[in-house]
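Novice: Here is my input, please return the structure:
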Amino acid sequence: MRLWKAMIAGIGGAAIIAGVIFLNGAARAAMQPGETAPDFSTQAAVGGKVFNFSLADALKKGPVVLYFYPKSFTPGCTAEAHDFAENIDNFAKAGASVIGMSADTIDTQKEFSSKECRDKFPVGADPDGKVIKAFKAQLITLGDMATAARISYVIAPDGKILLAYQDMSAGPHVEKTLAAVRQWRAAHPN
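Specialist: Numbering: from 1, shown residues only. Prediction:
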């Protein structure tokens, strides 16, 4: 497992992930719109502070954008975090909250939440891959470890998935999820 983590963390991590995608075609099929999102609780961090995140509690306040990403502090994942941070007010205006999720440890997420998420939204720690696997968001699974693919979900307050968007390019995720949240808000103005 140490070798695996070193490969992903190292310069060759992106090439290894790209090779696995090439060989396997794509990450496993994501959950589909209309399916019920698995409930979960996990440690998360926002602004460097740790708290317990509960999907059920977050859904009581409105839709939740749950986005999975492969590895904190890598170029694509950092760019995606910046995009979500820059648009967090737009999500809030539509009544939605955002949480990122990766297989990183809570210590890594504490730092990532401050530096790259700019203290704007939480990132969850899923080092055992349970949440990643429950949402069919694994890119690579080796033994008990699962690395997340880049998949974004928009989950309605009733727990149903409104959008499942999968693309290893970080760019479109904010645009696609924000459009889905706004569409939901237009249909549910209260």
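Novice: Could you list the buried residues of the longest helix seen in the chain?
Specialist: Secondary structure assigned by DSSP state H gives helix 75-93 as the longest helix of the chain. Judged by neighbour count (16 or more other C-beta atoms under 10 Å), helix 75-93 contains these buried residues: 76-78, 80-85, 87-88, 91. For the C-beta atoms, the positions are set from N, CA and C on the backbone; glycine is no exception.
Novice: Next secondary structure after that helix?
Specialist: Reading on from helix 75-93 to the C-terminus, the next helix or strand found by DSSP states H and E is strand 97-102.
Novice: now for whichever helix or strand comes after that following strand, which elements pack on it?
Specialist: Counting by DSSP H and E, the next helix or strand C-terminal to strand 97-102 is helix 106-115. In this structure, helix 106-115 makes packing contacts with strand 41-46, strand 49-54, strand 123-125, judged by 3 or more C-beta pairs under 8 Å, 6 or more residues apart in numbering; DSSP states H and E.
Novice: for the second one, the distance to its chain's centre please.
Specialist: Offset of strand 49-54 from its chain centre (C-alpha atoms, centre = their mean, to the nearest Å): 15 Å.
Novice: Strand partners (parallel or antiparallel) of that strand?
Specialist: Each strand pairing with strand 49-54, determined using DSSP bridges, is listed with its direction: strand 41-46 (antiparallel).
Novice: buried sites along the partner strand?
Specialist: 42-46.
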